[in-house]
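Chemist: Sequence first, predicted coordinates after that:
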Amino acid sequence: MEVIAHYNVNSDDFALFVKLLPQKLMFLVDSRPDRDHKVVHRSANDEILITFIRRHQPSAWKPEFKVFIEGENWGSLNGTLFDDVAALAYAIQKRGLQQVEF
């Protein structure tokens, strides 16, 4: 098992993710304060994968923003804009992944 991401996860976080995601196709949303928000999931290949949640603000004059994730492994979700993280999580669930609380 390995982490695949452009992200250096510390060993305590990795151990926590392994514990919280014991089965393939489980995911969680890590939205801890003072950290980059991310989706962490255990793939069908049993790897722990980390994908950052990005923000898209269409106008500098409006405070509203949408969220999205990027990555080839997300298929049709790659780059799709969502109103909020809950809508993103719901779309991931519709792809067959089981969300666990973090």
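Modeler: Sure thing, it's come through.
Chemist: show me where the protein has strands.
Modeler: With strands called from DSSP state E, the chain shows them at 3-4, 26-30, 38-42, 48-56, 66-69, 98-99.
Chemist: Could you check how far the second one is from the centre of its chain?
Modeler: Which is strand 26-30. 6 Å (Cα atoms, centre = their mean, to the nearest Å).
Chemist: Need the winner for burial among the strands of the chain.
Modeler: strand 38-42 (a mean of 24; mean count of other Cβ atoms under 10 Å). Every residue, glycine included, has its C-beta placed from N, CA and C.
Chemist: what's that one packed up against?
Modeler: strand 26-30, strand 48-56, helix 85-94 (3 or more Cβ pairs under 8 Å, 6 or more residues apart in numbering; DSSP states H and E).
Chemist: of the ones you listed, which approaches Glu64 most closely?
Modeler: strand 48-56 (10.0 Å; Cβ to Cβ).
Chemist: got the contact list for the closest one?
Modeler: The contact list for strand 48-56 (Cβ atoms under 8 Å, 6 or more residues apart in numbering) reads 1-5, 7, 9, 14, 17-18, 21, 29, 31, 36-43, 65-71, 73-74, 81, 85, 88.
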